[in-house]
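Asker: quick one, fold the following:
(2 chains)
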Amino acid sequence: MKKEVAVIGVGQSNFVRGYEGSIRELAFEAFREAMQDAGITQKEVDASIFCSAPEYDKQRSPAGVLAEYMGLIPQPTFYVESVCSSSSTGVKVAYGMIKSGLHDVVVVLGFQKMSEITSAESQERMGRGADIQWEAPFGTMMPAYYALYAQAYMAKHGLTHEDLMSVRIKSSSYGSMNERAVYRKSLTPADFDPNNPNTKLPSPVAWPLRQGDCCANADGSSCIILANAQKAKAFSKKPIWILGIGAASEAVNMAARPDFTKGLSVGYGAAAQAYKMAGIAPKDVKVAEVHDCFTIAEIMAYEGLGFAPAGEGKKLIREKTTYKEGKIPVNVDGGLLSKGHPIGATGGSQIRTIVLQLRGKAGPMQVAGEPDIGLVHNIGGVGLYGNVTIFGRD
Amino acid sequence: MGFEKFGRKSFTAITKTAKFVDLLAEGKVEGTVCKDCGAKFFPPRADCAKCFSKNMDWFEMPKKGKLETFATAYYAPFGFEADPPYTMGLVDFGNNLKLFARMAKDIKPEDIKVGMDVTIRTLKYEDNQLSFEIAKA
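Answerer: Below is the predicted model:
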C-alpha cells in the first residue's frame, strides 16, 4: 500500500431543498469547512478543480467564477464533469496531478444547485445525461433506467419490494442522525403501505421503483483537499491516504449492454482496479459509502464491490450485514436516499463521510472498532461512469 | 435534417444516420452493417467502431425477440407530460443485437413479463412524428 496522496481537509454544506443563495455562496460553505479542517490558507493551495453537472444553473464555465470567490486565483483552475460522479472524478484527477509532482496541494470542490429548475425540467436534463439521439425521444429518465435494472434483477434473483424498502429504512435510520441530510425522518414499513393515506412513498415513479426507492434532488456542495505526503505530514496530524483508485465506463445505450441481471459493469470494473491498486480484498473494507441513487443501486453495488456474490446482495440487507453494527457497514450517513443527491457534490460528500469515519470523528454515525480502511463507490449516470476509491489511515 | 421527426420528441436534428427516419416511414426498422468487416449495429452508426470504415449499409432488424427487461414511467420528463403511464422495454434478438423502445399501448401492463416473445413495428404519432415500438409476438 503506497501512501503518496492524502486527504487533509473535508467539508460539506447542509444538503437542502431550495438553498437561499447563489452557487458561489453554496460552494463557499463546503470550502470554508474544508480549509478550516485542513488548517491552511489559500496561499498553500496550488490548484483547484470544480465539479458539477451542467445546465442546472445558468453559469457557464463555473471554475473561474468559483475560484475567484474562494480566493484561489491566480492558481490554475478548471472544471470536471461526469454527472453524478463528478467530484470523485475530480479527486482522481487531483490524485494524478499530485502524484506526477505537478502540484502539492489541490482543492476539489463539487457543487449543485438543482432548485433553480422544476422537477420535470430536472428529469429532462438527467435523461439527457443518457443517449439523447436514440433513447431520450422515448421519454426516458433516470428512475426508468434504473427500473430496467430492477425489473430484470428482481425477476432473476428473487429480490422483493420488501427488500428494497429495507434499504430505504436502513438509510433513513442513519439519515435521522445526519444533521447535513435533507431527510431526517426515520421510516418504518407503515411508510411503504399502499393503504396508508399519509404516505406517498409506495406510489410508483417508474415501476418497479416507488417514490420511496428514489433519492431526491438537492442543493449542496462538498470540498476535499488533497496533498502530497510531505505536505500532508506537515499540515495534518491525521492524514487519510488514498490507497486505491479505479474508474470505468460503459455503453450509454441500453441496447449495447450485455446483462441487466448483473448490475452495473462499471461498479465491478472500478472496484477490481481499486482493490488491486490498494492490495486489499473486499473483506478488508471496514466501512463503505455506495451510490444509492435508487434502492436497487445499493443492492447491485454490494455485488459489484464483492461484498456479496452475484444475485445474493439481498442477503446483506435481510441479515443486516450492512448496518452500522454489521460486518460491512454501508451508507451509515444516510446515503443519497436520505442526504439528497446534489449531483456534483455527492462524491465529495461520500468521501467526507469515509474520512470522518477513519478519523473516528463521525459522531453518532461512527462505526465501532476504529475502522482502518474505507471505500467510496460513486456512479455517474445509469452506470455510464463509475469510480471506486479506497482510503486508509496511518 | 430529418432526424427531428424521430420519436415522441427528438433532441437531434442532423445525423448521418437520418435515413433511419425515411426507413421508418416505409415501415422498416433498420440498423447499420459495415460493408468492410460485417459488424452490425443497432442503434445505427455512421462509422464502424470495429474497423474504422465509413462504408455502411442498412439491414432490417429481426422480427422475433425476447423482452429482456422493462419499466413503466408514471412521471415523465419535461416535454412528455401528456404520455404517462408508458412502458419502455429492451428486446434481445440474440447475436448481440438488442433494441430499446416504448412498448405498444395495446399490451396490457399485467401481461408484460420478462422473457416474453415480442416483435417490433413502426408507428406514426398524430403529429406525424415517426417511431418504432415493441409489440406482442
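Asker: CA atoms for contacts and neighbours, from now on please.
Answerer: Fine.
Asker: tell me who's in contact with the closest residue to residue A:105 other than its chain neighbours.
Answerer: With sequence-adjacent residues excluded and distances taken as C-alpha to C-alpha, 6 or more residues apart in numbering or on different chains, residue A:105 is closest to residue A:227, at 4.3 Å. With contact taken as C-alpha atoms under 8 Å, 6 or more residues apart in numbering or on different chains, residue A:227 is in contact with A:5-8, A:98, A:104-106.
Asker: if you set the cut-off to 6 Å instead, what comes out?
Answerer: Taking C-alpha atoms under 6 Å, 6 or more residues apart in numbering or on different chains as the contact definition, residue A:227 lies against A:5-6, A:104-105.
Asker: who wins on neighbours among those residues?
Answerer: In terms of neighbour count, residue A:6 stands highest of those at 28 neighbours, by other C-alpha atoms under 10 Å in any protein chain shown.
Asker: before we move on, back to that, list just the nearest of the contacts of residue A:227 to chain B.
Answerer: Proximity of the contacts of residue A:227 to chain B (C-alpha to the nearest C-alpha) peaks at residue A:5, which lies at 37.3 Å.
Asker: show me where the chain has strands.
Answerer: Just going to use chain A. A:5-12, A:47-51, A:77-80, A:105-113, A:204-207, A:209-210, A:219-228, A:240-249, A:287-289, A:373-380, A:385-393 (DSSP state E).
Asker: nope, chain B
Answerer: Listed in chain order, the strands of chain B (DSSP E) span B:30-34, B:40-41, B:56-60, B:65-73, B:86-92, B:98-103, B:117-124, B:130-136.
Asker: got TSV for those, with distance to residue A:45 too?
Answerer: Listed next are those as TSV, based on distance: least, C-alpha to C-alpha, whole Å:
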stretch	distance to residue A:45
strand B:30-34	51
strand B:40-41	48
strand B:56-60	52
strand B:65-73	47
strand B:86-92	49
strand B:98-103	47
strand B:117-124	58
strand B:130-136	53
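Asker: let me have those strands in a markdown table, adding mean pLDDT as columns.
Answerer: Below are these laid out as a markdown table (pLDDT from 0 to 100):
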| stretch | mean pLDDT |
| --- | --- |
| strand B:30-34 | 98 |
| strand B:40-41 | 96 |
| strand B:56-60 | 98 |
| strand B:65-73 | 98 |
| strand B:86-92 | 98 |
| strand B:98-103 | 98 |
| strand B:117-124 | 97 |
| strand B:130-136 | 97 |
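Asker: any chance of the ones you listed in TSV, with mean neighbour count and distance to chain A too?
Answerer: What follows is the strands of chain B, written out as TSV (neighbours: other C-alpha atoms under 10 Å in any protein chain shown; distance: least, C-alpha to the nearest C-alpha, whole Å):
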stretch	mean neighbour count	distance to chain A
strand B:30-34	23	12
strand B:40-41	24	9
strand B:56-60	18	16
strand B:65-73	25	4
strand B:86-92	24	7
strand B:98-103	24	5
strand B:117-124	18	12
strand B:130-136	21	9
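Asker: farthest-separated two in the contacts of residue A:227?
Answerer: Using C-alpha to C-alpha, the two most remote members of the contacts of residue A:227 are A:6 and A:104, lying 10.5 Å apart.
Asker: give me the neighbour count for the nearest residue to residue A:15 once chain neighbours are set aside.
Answerer: Nearest non-adjacent residue to residue A:15, counting by C-alpha to C-alpha, 6+ apart: residue A:220, 4.7 Å away. Residue A:220 has 34 neighbours, counted by other C-alpha under 10 Å.
Asker: could you check how far residue A:220 is from residue A:20?
Answerer: Note on residue A:220: its distance to residue A:20, by C-alpha to C-alpha, to the nearest Å, is 11 Å.
Asker: kindly report the same for residue A:72.
Answerer: According to C-alpha to C-alpha, residue A:72 and residue A:20 sit 24 Å apart.
Asker: more neighbours, those two?
Answerer: More neighbours surround residue A:72 than the other of residue A:72 and residue A:20, with 21 against 11 (other C-alpha under 10 Å).
Asker: just to revisit the earlier point, turn the strands of chain A into TSV, columns for distance to residue B:75.
Answerer: Formatted as TSV, the strands of chain A follow (distance: least, C-alpha to C-alpha, whole Å):
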stretch	distance to residue B:75
strand A:5-12	31
strand A:47-51	29
strand A:77-80	30
strand A:105-113	22
strand A:204-207	6
strand A:209-210	11
strand A:219-228	22
strand A:240-249	28
strand A:287-289	29
strand A:373-380	22
strand A:385-393	25
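Asker: now do stretch B:6-14: distance from first to last residue.
Answerer: End-to-end distance for stretch B:6-14, by C-alpha to C-alpha: 11 Å.
Asker: what's the mean pLDDT across that stretch?
Answerer: Averaging pLDDT along stretch B:6-14 gives 93.
Asker: so how far is that stretch off the chain centroid?
Answerer: Distance, stretch centre to chain centre, for stretch B:6-14: 13 Å (C-alpha atoms, centre = their mean, to the nearest Å).
Asker: outside of it itself, list whatever touches it.
Answerer: Counting by C-alpha under 6 Å, 6+ apart, A:133, A:137-138, B:1, B:3-4, B:129-131 sit against stretch B:6-14.
Asker: let's go with 8 Å and repeat that
Answerer: A:132-133, A:136-139, B:1-4, B:21, B:79-80, B:125, B:129-132.
Asker: among those, name the buried ones.
Answerer: Neighbour counting over the contacts of stretch B:6-14 (16 or more other C-alpha atoms under 10 Å in any protein chain shown) leaves A:132-133, A:136-139, B:3-4, B:21, B:80, B:129-132 as the buried ones.
Asker: no more questions from me, cheers.
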